[in-house]
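Engineer: Quick one, fold the following:
(one chain, ligands or ions: 1)
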Amino acid sequence: MPDRIAQHRRYLMCRPEFFTVSYRINPWMEPTHPTDTAKAVAQWQTLYDTYLALGHEVELIDPLPGLPDMVYTANGGFIIDGRALGVRFRVDERRGEEQPFMDWFAANGLEVISPVDVQEGEGDFLLAGDTILAGTGFRSAGDSHREVAGVFGREVVSLQLVDPRFYHLDTAICVLDPVQGPTGVEAANIAYLPSAFDEPSRRVLEQRYPDAILVSDADGAVFGLNAASDGRHVLISPRATGFDAQLRERGYTPVAVDLSELLLGGGGIKCCTLELRGKK
Ligand code: ARG
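Structural biologist: Prediction:
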């Protein structure tokens, strides 16, 4: 079994002090269903503490009243090599988050690029090795894939999402680690939920990632793929038991973190985590 190596990570998170479900922009959200903000904060705190215990760095952006979804920092931008592309939300309810995230990036030494097309950051863009996997179908516009390719000068692979429950790419794919080749980082190990994609996208994934972990619909339905990996430890929902076993078989160490309260807003571990990739 390969020896899995943990890589140091730097993340941006946002304490869910104003978390609630007051509108419905994905099928998980039910505004009439009461939410428990204190419970959301406590669960979030466990995720934060777990990252620190694993030796990662976590930066914080201040939560703002009236922006209950700001806890899902993955949607705040997309950052590679110290360059931060801001976001333009599809939905009006979240557009108030765009400027605060760009302001945070600028104040923290990142080069900020204002976006043109609609896209929701690391919710739909995942860096896999040197390739950007890009989702579309529900939130990020197809045109944004060209824009992100231009901004970062990297190959972009467009993938079409078809199930409204898995409306962001990070609910259907988890990048586990980069794979080193003779000329640098060439590929990546990934896990994904095949039923979240249309047929052509499934074929692309099969071709590019023949060794990928294929996650069951049952594990996908509990947001099992909305996980964060450092290359060795994979933080996942405790309800994704099949995925947990698949990860162990491949030599990864799953670490269960329960964000059930934040799932009421349609988000999980990865949604609450934005990776800050510095200059090489
Ligand atoms: N309520 C939020 C929305 O629908 C949840 C965002 C989840 N984020 C993610 N990266 N998948 O926009």
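Engineer: ok so Ala191 is a strand residue?
Structural biologist: Yes. Checked against DSSP: H, G, I helix; E, B strand; the rest coil, Ala191 lies within a strand.
Engineer: For it, give its distance to the ligand.
Structural biologist: With the distance defined as C-beta to the nearest ligand atom, to the nearest Å, Ala191 ends up 16 Å from the ligand. Backbone N, C-alpha and C define where each C-beta goes, glycine included.
Engineer: Would you check that that residue makes contact with Ser216?
Structural biologist: No. With contacts counted by C-beta atoms under 8 Å, Ala191 stays clear of Ser216, the gap being 10.9 Å.
Engineer: In terms of neighbours, single out the busier of these two.
Structural biologist: The residue with more neighbours, out of Ala191 and Ser216, is Ala191; 26 against 16, by other C-beta atoms under 10 Å.
Engineer: Can you spell out which residues form a bridge with the more buried one?
Structural biologist: Cys174, Ile213 (DSSP bridges).
Engineer: That one: what's it in contact with?
Structural biologist: Residues counted as contacts of Ala191 (C-beta atoms under 8 Å, 6 or more residues apart in numbering) are Ile173, Cys174, Leu176, Ala212, Ile213, Leu214, Val215, Leu225, Ala227, Phe243, Gln246, Leu247.
Engineer: What's the ChimeraX line that selects buried ones from those?
Structural biologist: Selection of buried members from the contacts of Ala191 for ChimeraX, criterion 16 or more other C-beta atoms under 10 Å:
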select :173,174,176,212,213,215,225,227,243,246,247
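Engineer: ok, so of the contacts of Ala191, who is nearest Met1?
Structural biologist: Using C-beta to C-beta, Leu247 comes nearest to Met1 of the contacts of Ala191, at 11.8 Å.
Engineer: sec struct for the closest one, please.
Structural biologist: The three-state assignment at Leu247 reads helix, by three-state DSSP.
Engineer: who's in contact with it?
Structural biologist: By C-beta under 8 Å, 6+ apart, the residues touching Leu247 are Ala191, Ile213, Val234, Ile236, Thr253, Pro254.
Engineer: Can you check the pLDDT for it?
Structural biologist: On the pLDDT scale, Leu247 is placed at 98.
Engineer: do the one 5 residues further on as well
Structural biologist: Predicted confidence (pLDDT) for Tyr252: 97.
Engineer: Now it: closest residue in space, sequence neighbours ignored.
Structural biologist: Leaving out its chain neighbours, the residue that sits closest to Tyr252 by C-beta to C-beta, 6 or more residues apart in numbering is Val234, at 5.1 Å.
Engineer: mind showing which ranges of the stretch 51-200 of the chain have poor pLDDT?
Structural biologist: For the stretch 51-200 of the chain, the stretches flagged by pLDDT under 70 are 180-186.
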